[in-house]
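>>> Based on what follows, work out the 3D shape:
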Amino acid sequence: MTDQTVKIPNLFLIGAMKSATTSLHSYLDMHPDIFMSKRPWKEPQFFAKEENWNKGFDWYYGLFKEAVHEKYIGESSTTYSRLPIISGVPERIYDVSPHAKIIYIMRDPIERAISQYWWEVESSGEGRKMVHAVINSDWIMNVSNYALQIKPYLELFGNQNVYTLTTEELQNSPTETMKKIFAWLDLSTGINIAQDTYKVFNPSKEQVNRLIGSGYISHLKGTLIWKILKKLVPPNTTFRRRVRKLLSKPVEKTDEGQEETIALLRPIMLPQVEELSQLLGKDFPEWKTVYGKNAP
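As a prediction, this is how the structure comes out:
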């Protein structure tokens, strides 16, 4: 450890999942006055996952021991915006770092939900058709409800300490968008970052690995049998990843069921975006899928 002083994070990128958080994490880390957590703990999930919380603060603060003189020490965990499935996270962060800065990046909520569906196909054995899987998944639906997720952070940390942006503006104007964030953090905006450095990290794939028989397995989700199976095969283990790889086959992402999914999601998510607009005082015309032809 370069400096024996405990390094307490004061910058949190809280999500949303599948909204370019990996790219934004990397861009933040390019600034000399920002230290972001490094792999394999880019996403520590300390305040959300009990198994990590139980490792204690010495473990967590140790993730930032290489920080030296940076003004901000940060991490990115999308599990910090998964209400109501994971609750109490804003309060835990506030108790540790009450003056922290919070950054929340949001993507067109329908496109984000569809992207998460394909992530679920590969990562959790989702085998149902897109429309049924998305509509019947509280997790997918709630992660796209940005007003629900950001409200507790605004109430605890105050509007002045919460910065919101969209995936679309980051992708379309990365240099200008990052300068705005750096200015909000009261950091130099004149740092020299080459334009080609703003590449997309963790891009979407054209193919995903689908678990053989997942169509049948998915119907067990939420049942007692499903809960027993999850306990028998612990998540995020090398054994589980090997088993999944052996029992999976690559499939192409298709548009099958996408239009039906969009049609069902639009009347649900449009009021949520309107609530978000009122909450933040800005519109989101870049979200073409949710607005359709009626973008503000």
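
>>> List the strands paired with the host helix or strand of I103, with their directions.
Secondary structure assignment for I103, by DSSP states H and E: strand 101-106. If you go by DSSP bridges, strand 101-106 pairs up with strand 11-13 (parallel), strand 162-166 (parallel).

>>> Per-residue confidence at K129, what does it come out as?
For K129, the pLDDT comes out at 89.

>>> Which residue comes closest to H99 once chain neighbours are left out?
N10 (6.6 Å; C-beta to C-beta, 6 or more residues apart in numbering). Placement of C-beta: from N, CA and C, glycine included.

>>> So what does the one you found look like in phi/psi?
Phi and psi for N10, reported as degrees, to the nearest 10, are phi -130, psi 20.

>>> For the chain, which segments are assigned as strands?
If you assign secondary structure with DSSP state E, the strands in the chain sit at 11-13, 34-36, 72-76, 101-106, 162-166, 207-211, 248-252.

>>> Run the chain-centre distance for the fifth one.
Taking the mean of its C-alpha atoms, strand 162-166 sits 13 Å from the chain's own mean (C-alpha atoms, centre = their mean, to the nearest Å).

>>> what's the answer for the first one, then?
A distance of 12 Å separates the C-alpha centroid of strand 11-13 from that of its chain, computed with C-alpha atoms, centre = their mean.

>>> thinking again about what came up before, for the strand holding I103, which outside residues touch it?
Strand 101-106 is contacted by residues 10-16, 19-21, 24, 28, 72, 81, 112, 146, 149-150, 153, 157, 161-167, 170, 181, 184-185, 276, 284 when judged by C-beta atoms under 8 Å, 6 or more residues apart in numbering.

>>> same deal with stretch 28-37?
Taking C-beta under 8 Å, 6+ apart as the rule, stretch 28-37 contacts 7, 9, 11, 13, 25-26, 42-44, 63-64, 66-68, 70-76, 103, 178, 181-182, 185, 187-188, 191, 193, 197.

>>> I'd like to know the average pLDDT value across it.
Per-residue scores along stretch 28-37 average to 95.

>>> end-to-end on that stretch?
Its first and final residues considered, stretch 28-37 spans 11 Å by C-alpha to C-alpha, to the nearest Å.

>>> And stretch 289-296, by the same measure?
13 Å.

>>> how close does the nearest residue to E169 once chain neighbours are set aside get to S37?
Spatial nearest neighbour of E169, chain neighbours left out: T177 (5.4 Å); criterion: C-beta to C-beta, 6+ apart. Relative to S37, T177 is positioned 21 Å away (C-beta to C-beta, to the nearest Å).
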